[in-house]
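1. got a sequence here, can you model it:
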Amino acid sequence: MTLSDFDHALRHKYRIEPNGSFVPGVTTIIGILDKPALKWSASGIAAETAVNESRRKRTIVARHRKRLSVLGKKERELSYNGSDHDVYVHFCRGKFDRQWRAKAARGTRVHEVAEQWSAGEAIDVRLEDSKYVDALEQFHKEYHPKFRLVECIVTNPQYRYGGRFDGVVELDGPGTYGTYMIDYKTGGKYPYDVALQAEGYMNCELATFLIDGSLDAPCSLPELDGARTIYLGEDGNVTVSDP
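-> Okay, the predicted model is just below:
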């Protein structure tokens with residue numbers, strides 16, 4: 001199956017020209033920058049796992065060996081020939097990645113609910129996501145969003161990068177009145193990263209597509225009064241921030 005330019009953009013693979021080479025996304029570019037906070041978080045999670053799970057070490061090692069045995073060559077080698085210590089260390093190191101993937105999956109689900117909500121569609125919410133949806137409801141009640149664009153795909157032909165953000169919205173809420181680019185977040189607050197993201201998006205053009213999904217001529221974004229990051233909290237509360 002051949003994917004169109006639009007299909008690729010939905011998978012965070014962006015093009016400037018129809019069927020041209022792929023260019024990096026905003027988040028990929030930001031990911032190149034050093035993030036000491038993430039390294040510190042990863043090491044902390046690994047250390048906590050090693051301490052908290054120490055009494056279950058034998059059971060964990062046996063189960064983790066089985067998981068490793070069906071993975072790549074390096075993992076299978078560790079499964080068959082690695083010491084219990086090395087297998088346990090591998091498990092502890094991987095805890096951060098497992099948590100990160102779970103958070104990313106949760107963020108994707110909540111973003112999908114937000115998109116359906118903005119389109120007036122019926123939504124289906126998992127129990128573990130319900131607090132984030134409570135925060136989304138609070139956002140709608142307090143800021144009365146009127147969506148002009150949803151799930152915007154943008155590109156910058158000059159610097160050759162692309163990206164996606166959640167919408168262009170008219171807001172009327174505490175300290176925020178006008179038309180804004182918005183981006184939902186369901187994780188921690190990283191002010192530097194979201195500022196770079198917003199700046200990157202706002203210096204782009206809006207990508208447009210033909211009926212077959214191929215790129216058409218881009219157009220300018222609507223005139224904006226700024227950007228807002230919508231933090232949907234796990235406690236059911238929303239924070240609207242100027243990045």
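
2. by contact count, what packs against the helix or strand of the chain with the lowest mean pLDDT?
-> When the helices and strands of the chain are scored by mean pLDDT, DSSP states H and E, helix 36-52 comes last with a mean of 81. Where contact means 3 or more CB pairs under 8 Å, 6 or more residues apart in numbering; DSSP states H and E, helix 36-52 is packed against helix 84-118. Using the backbone N, CA and C atoms, a C-beta is placed for each residue, glycine as well.

3. just the buried positions in the helix it packs on, please.
-> 87-88, 90-92, 95-96, 106-107, 109-111, 113-115, 117-118 (16 or more other CB atoms under 10 Å).

4. just the angle between the helix or strand following it and helix 84-118, please?
-> Using DSSP states H and E, the helix or strand that directly follows helix 84-118 along the chain is helix 130-143. Relative orientation of helix 130-143 versus helix 84-118 (axes from the mean of the first three to the mean of the last three CA atoms, to 10 degrees): 40 degrees.

5. I'd say residue 221 and residue 202 touch.
-> Yes. Proximity of residue 221 to residue 202 meets the contact threshold set by CB atoms under 8 Å, at 7.3 Å.

6. what is in contact with the two at once?
-> residue 181 (CB atoms under 8 Å, 6 or more residues apart in numbering).

7. where are the low-confidence patches of the chain?
-> 32-38 (pLDDT under 70).

8. and residue 82, how far is that from residue 179?
-> 57 Å (CB to CB, to the nearest Å).

9. whoops, residue 18 was the one
-> Residue 18 is 30 Å from residue 179, by CB to CB.

10. so the two - more neighbours on which side?
-> residue 179 (16 against 13; other CB atoms under 10 Å).

11. look up the residues forming beta bridges with that one.
-> residue 170 (DSSP bridges).

12. that one: what's it in contact with?
-> Residue 179 makes contacts with 148, 168-171, 222-225, as judged by CB under 8 Å, 6+ apart.

13. one step back: alpha carbons of the least confident helix or strand of the chain, in CSV - could you do that?
-> What follows is helix 36-52 as a C-alpha-only set of coordinates in CSV (Å, rounded to 0.1, in the frame of the first residue of the first chain):
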residue,chain,number,x,y,z
PRO,A,36,19.4,16.6,31.5
ALA,A,37,16.0,16.5,33.3
LEU,A,38,15.1,13.4,31.4
LYS,A,39,18.4,11.7,32.1
TRP,A,40,18.0,12.4,35.8
SER,A,41,14.4,11.1,35.7
ALA,A,42,15.5,7.9,33.9
SER,A,43,18.3,7.2,36.4
GLY,A,44,15.9,7.9,39.3
ILE,A,45,13.3,5.5,38.0
ALA,A,46,15.9,2.8,37.4
ALA,A,47,17.3,3.2,40.9
GLU,A,48,13.9,3.1,42.5
THR,A,49,13.0,0.0,40.6
ALA,A,50,16.2,-1.7,41.7
VAL,A,51,15.5,-1.0,45.3
ASN,A,52,11.7,-1.5,45.4
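
14. give the buried residues for the helix or strand just after that helix.
-> Next helix or strand after helix 36-52 toward the C-terminus (DSSP H and E): helix 57-68. Residues 57, 60-61, 64-65, 68 are the ones in helix 57-68 that count as buried (16+ other CB under 10 Å).

15. angle of the very next helix or strand once past helix 57-68 against helix 84-118?
-> The C-terminal neighbour of helix 57-68 among helices and strands, as given by DSSP H and E, is helix 73-81. Compare the direction of helix 73-81 with that of helix 84-118 by the same axes, to 10 degrees and you get 140 degrees.
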